[in-house]
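Asker: mind folding the following:
(one chain, ligands or ions: 1)
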Amino acid sequence: MARPSQTESWGHSTVRTACPLDCPDSCSLDVTVERGRVVKIDGADANPSTRKFICAKVRRFGERLYGEDRLLYPAVRQGAKGSGTFVRVTWNEALDAIAQRMIAIRDTIGAEGILPFCYGGSNGLLTQDTTDAQLFRAFGTSRLARTVCAAPTGAANGALYGKMPGVTYEDYLHARLIVLWGVNPSASGIHLVPFIKEARSRGAMLVVVDPRATSLARQADLHLAPRPGTDLPLALSIHKYLFDRGLAAAAFLDEHARGVEGLRARAEEWSIPRAAKTCEIDAADLDRFASLYASSSPAVIRCGWGLERNRNGGSAAAAVMALPAIAGKFGVRGGGFSMSNSAALGIKSAAWMDDTPEPATRLVNMNHLGRALLDYDDPPVQMLFVYNCNPLATMPDQNRVLRGLQRENLFTVVYEQVFTDTCRYADVVLPATTFLENYDVAKGYGPISLQLVRPVVERAGEARPNAEVFSELAGRLGVGEQEEEIDTLFRVVGRFPNGLGTDLMEQGIVQPPYGGVPVQFVDVFPRTPDNKIDLYPAALVDHTRDRLYLYQPDPETDQYPLALISPASEKTVSSTLGELRERAAMLQMHPTDASARQLSTGDPVRVFNDLGEVQCPVALNADIKPGTVSLPKGLWRRSTYNGSTANALAPDSLTDLGDGACFNDARVQVALLGRH
Ligand code: SF4
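Answerer: I've put the predicted structure just below:
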């Protein structure tokens, strides 16, 4: 396997690389460099699915690279916790301080008093689950359940289909009916949009299920705007429609599925009128949706992550993904469902992590970070090591997380690219490289792709890549060998299956199997033990204590009747790039709800419940469902008047499957700021 030559990358005006950020699309990029600085980031044609265009977010990535928030040197806290005052130190001093503290904790209360905390901030295969995981495993720290996103849909997809690859963007061109359910491709996964538009120009119908009239919803043939958290009864009512009318695909189900009766029994109680009432939608619209879905082929459902962020999220995702099975939509190009394609290439971090087995140490659900910092005492968390993550901006129950981070006896390390909200509460800050300064491997989870990410410019200041820093720390702690980043790259790709690593290093991109466009139940089949769809999996029944597909009612109260959602926006990738947001975020509210509270656009408001309060301006917006209000996902604290974001109002309760986050179960009241 040939090593990439440095001269291939350096000194050229345009460098080919790829975007590893937490986005399904994994764009190939051409980055223009002049005099050692990035001057332009644009799409390249290496990944055909991304069609040479990229999002406005990453076009602006140079502003993060060279912005005033960029971390350039290691530093240690000087003033009071949270004051944001730090003094520069050397890498040796910073790593020595961290190593000494880790050893002291291990020798007093045990290494489980250390909690590593990371999540997808740079979603490549090198920046997470390599030398970092080896270090923390070998040292015996607490483990982190990374469940803030995709855990419920992942649990459902895994149990029903064994994460069978889904319909890829190109095949939407063949669909006669496209359903976007809990997803807004105009904000995330943008490369699906042109395929939808082209399919529509060829006559495909479009149905959108979303509490907001997104731009695609406004163009759709049918838009259903259910109350957040009610996707489960909506999906079950379509199942009942299919069963009651003899439209279930009996022969297909006999051959390819089990658990049909369990699902059918749970769907039985959801007639169209009852579901419509619960979802707060028109029964005639729901009936039309069911009829359209039953009669259209090929029909594809893009199952999004929006529908999982509530108490019913896992069952809802399972019920939605079960629809093409019951309705017999598989076996044709453009028919079936799309969820995450992250497992499509069969690459698992276990391949390179097997040398350092995972110990059975304490497992902390990341959605319970606040509780872990404040309440856990067996042992207490005395060190928090944050990387690839900005938990103060991204975890639920923000005020509890904040109180935890403010603990004087908590030693917090934050290893980051820019000075995030979480950095402010650190004891030691370490500067990390960005994907334009380090190697990585980008794995798409929309289009099936695997691409090499290469450094296009010198590292800023003293920023260093994850692989190097964690291996150096492991060396200091006596639990590993120091390793250069390039060696970690070769070690990881050397363990990819089916020669993928060689192809990646030689070509910079791997040609996906099935030409990148598998047809479900022709090219790919469920990866369950018997290769059948399991519509009522015993593991999920056990996990939910026999409540799989059972609807849990709305958590609204008379005091807090409004459902607050926090969907992905066009401005950030989760919270990444949130520092570039220029104006205060606005609460989106339907004019009817605003009128009842005598509010006008631009009024400063309090959005509040028992967990906290967000102060920001309100914007009247008829595109949002009455009874629902919205703030963007991933806001930094600077984007509101009082430094709280939607996450301050989100409970840290867990979803029915996958122990995921219930952001959309936030129920709130809104009032003019100053009025009670
Ligand atoms: S965030 Fe997504 S759309 Fe934007 S450049 Fe990266 S992969 Fe492409």
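
Asker: whatever residue of the stretch 501-650 of the chain ends up closest to the ligand: what's it in contact with?
Answerer: In the stretch 501-650 of the chain, the residue that lies nearest the ligand is residue 573 (5.2 Å; Cβ to the nearest ligand atom). The C-beta positions use only the backbone N, C-alpha and C, and glycine is treated the same way. Contacts for residue 573 were tallied using Cβ atoms under 8 Å, 6 or more residues apart in numbering; they are 21, 22, 23, 57, 58, 188, 634.

Asker: using JSON lines, lay out the residues you listed together with secondary structure.
Answerer: Shown next, in JSON lines, are these (DSSP: H, G, I helix; E, B strand; the rest coil):
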{"residue": "21", "secondary structure": "coil"}
{"residue": "22", "secondary structure": "coil"}
{"residue": "23", "secondary structure": "coil"}
{"residue": "57", "secondary structure": "helix"}
{"residue": "58", "secondary structure": "helix"}
{"residue": "188", "secondary structure": "coil"}
{"residue": "634", "secondary structure": "coil"}
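
Asker: and the ligand, which of those contact it?
Answerer: On the criterion Cβ under 6 Å from any ligand atom, 21, 23, 57, 58 are the entries of the contacts of residue 573 that sit beside the ligand.

Asker: just these now: which is nearest residue 77?
Answerer: Set against residue 77, the nearest of those by Cβ to Cβ is residue 21 (28.9 Å).

Asker: that closest one is in contact with residue 575, isn't it?
Answerer: No. Using Cβ atoms under 8 Å, residue 21 makes no contact with residue 575, being 11.5 Å away.

Asker: spatially central residue in this protein, please.
Answerer: The residue lying closest to the centre of the chain (Cα atoms, centre = their mean) is residue 149, at 4.4 Å.

Asker: not counting its neighbours along the chain, what's nearest residue 389?
Answerer: Of all residues not flanking residue 389 in the chain, residue 119 sits nearest, at 4.5 Å (Cβ to Cβ, 6 or more residues apart in numbering).

Asker: quick check: phi and psi on the residue of the stretch 501-650 of the chain closest to the ligand?
Answerer: Phi and psi for residue 573, reported as degrees, to the nearest 10, are phi -100, psi 100.

Asker: what does residue 232 give?
Answerer: Here is the backbone geometry of residue 232 (degrees, to the nearest 10): phi -60, psi -60.

Asker: who wins for neighbours among the ones next to the ligand among the contacts of residue 573?
Answerer: In terms of neighbour count, residue 23 stands highest of those at 26 neighbours, by other Cβ atoms under 10 Å.

Asker: can you give me the strands in the stretch 501-650 of the chain?
Answerer: For the stretch 501-650 of the chain, applying DSSP state E, counting those that start in this stretch gives strands covering 533-534, 562-565, 587-589, 604-609, 612-620, 628-630.

Asker: so how far is residue 530 from the spatially closest residue to residue 653 that is not a sequence neighbour?
Answerer: Distances taken as Cβ to Cβ, 6+ apart place residue 662 nearest to residue 653, at 4.9 Å, with adjacent residues excluded. Note on residue 662: its distance to residue 530, by Cβ to Cβ, to the nearest Å, is 33 Å.

Asker: between the two, point out the one with more neighbours.
Answerer: residue 662 (24 against 9).

Asker: quick one: residues contacting residue 585.
Answerer: For residue 585, the contact set (Cβ under 8 Å, 6+ apart) comprises 616, 631, 632, 635, 639, 640, 645.

Asker: C-alpha coordinates for stretch 107-126, CSV please?
Answerer: C-alpha atoms of stretch 107-126 as CSV (Å, rounded to 0.1, in the frame of the first residue of the first chain):
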residue,chain,number,x,y,z
ASP,A,107,-5.0,5.7,42.5
THR,A,108,-7.6,7.2,44.8
ILE,A,109,-11.2,6.6,43.6
GLY,A,110,-10.4,4.5,40.5
ALA,A,111,-10.2,5.3,36.8
GLU,A,112,-14.0,5.2,36.5
GLY,A,113,-13.8,8.7,38.0
ILE,A,114,-12.7,9.8,34.6
LEU,A,115,-15.3,10.4,31.9
PRO,A,116,-14.2,10.7,28.3
PHE,A,117,-16.9,12.7,26.4
CYS,A,118,-17.0,12.9,22.6
TYR,A,119,-19.4,12.9,19.7
GLY,A,120,-19.0,13.3,15.9
GLY,A,121,-17.6,16.8,15.9
SER,A,122,-15.4,15.7,13.1
ASN,A,123,-17.0,12.5,12.1
GLY,A,124,-14.1,10.7,10.4
LEU,A,125,-12.8,7.3,11.2
LEU,A,126,-9.5,8.6,12.5
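
Asker: buried stuff in the helix or strand where residue 199 lies?
Answerer: Residue 199 belongs to helix 192-201 when assigned by DSSP states H and E. Within helix 192-201, the residues that count as buried by 16 or more other Cβ atoms under 10 Å are 192, 195, 196, 199, 200.

Asker: the stretch 51-200 of the chain against the ligand: which residues are in contact?
Answerer: Neighbours of the ligand within the stretch 51-200 of the chain, by Cβ under 6 Å from any ligand atom: 54, 55, 57, 58, 190.

Asker: recalculate using a threshold of 8 Å.
Answerer: 54, 55, 57, 58, 59, 188, 189, 190, 191 (Cβ under 8 Å from any ligand atom).

Asker: picking that back up, correct me, but the residue nearest to residue 389 touches residue 147?
Answerer: No. Using Cβ under 8 Å, residue 119 is not in contact with residue 147; the gap is 9.2 Å.

Asker: tell me, what's touching those two both at once?
Answerer: Common contacts of residue 119 and residue 147 (Cβ under 8 Å, 6+ apart): residue 366.

Asker: save the contacts of residue 585 as TSV, and put in neighbour count and distance to residue 608 too.
Answerer: Below are the contacts of residue 585 laid out as TSV (neighbours: other Cβ atoms under 10 Å; distance: Cβ to Cβ, whole Å):
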residue	neighbour count	distance to residue 608
616	23	12
631	25	13
632	22	18
635	27	16
639	24	17
640	23	12
645	30	13
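
Asker: which member of those is positioned nearest residue 107?
Answerer: residue 645 (38.5 Å).

Asker: extract the CA atoms of stretch 448-458 and return them as PDB.
Answerer: Written as PDB, here are the backbone C-alpha positions of stretch 448-458 (Å, rounded to 0.1, in the frame of the first residue of the first chain):
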ATOM      1  CA  ILE A 448     -22.400   5.100   0.200                       C
ATOM      2  CA  SER A 449     -18.900   6.400   0.000                       C
ATOM      3  CA  LEU A 450     -15.500   6.200   1.600                       C
ATOM      4  CA  GLN A 451     -12.900   9.000   1.000                       C
ATOM      5  CA  LEU A 452      -9.500  10.000   2.100                       C
ATOM      6  CA  VAL A 453      -9.300  13.400   3.900                       C
ATOM      7  CA  ARG A 454      -5.900  15.000   3.600                       C
ATOM      8  CA  PRO A 455      -4.300  18.000   5.200                       C
ATOM      9  CA  VAL A 456      -4.400  20.900   2.700                       C
ATOM     10  CA  VAL A 457      -2.600  23.500   4.900                       C
ATOM     11  CA  GLU A 458      -0.200  23.600   7.700                       C
END
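
Asker: any residue of it touching the ligand?
Answerer: No. Stretch 448-458 lies out of reach of the ligand by Cβ under 8 Å from any ligand atom, never closer than 9.9 Å.

Asker: what residues of that stretch count as buried?
Answerer: Residues 448, 449, 450, 451, 452, 453, 454, 455, 456, 457 are the ones in stretch 448-458 that count as buried (16+ other Cβ under 10 Å).

Asker: these two touch, right, the second one and residue 23?
Answerer: To tie it back to what came earlier, the one meant is residue 449. No. Using Cβ under 8 Å, residue 449 makes no contact with residue 23, being 12.0 Å away.

Asker: tell me which residues are up against stretch 534-552.
Answerer: Taking Cβ under 8 Å, 6+ apart as the rule, stretch 534-552 contacts 155-156, 159-160, 230, 232-233, 236, 257-263, 266-267, 278, 311-312, 314-315, 318-319, 322, 325-326, 526, 528, 656-657.

Asker: that one: how far from the chain's middle?
Answerer: Centroid displacement of stretch 534-552 relative to its chain, using Cα atoms, centre = their mean, to the nearest Å, is 23 Å.
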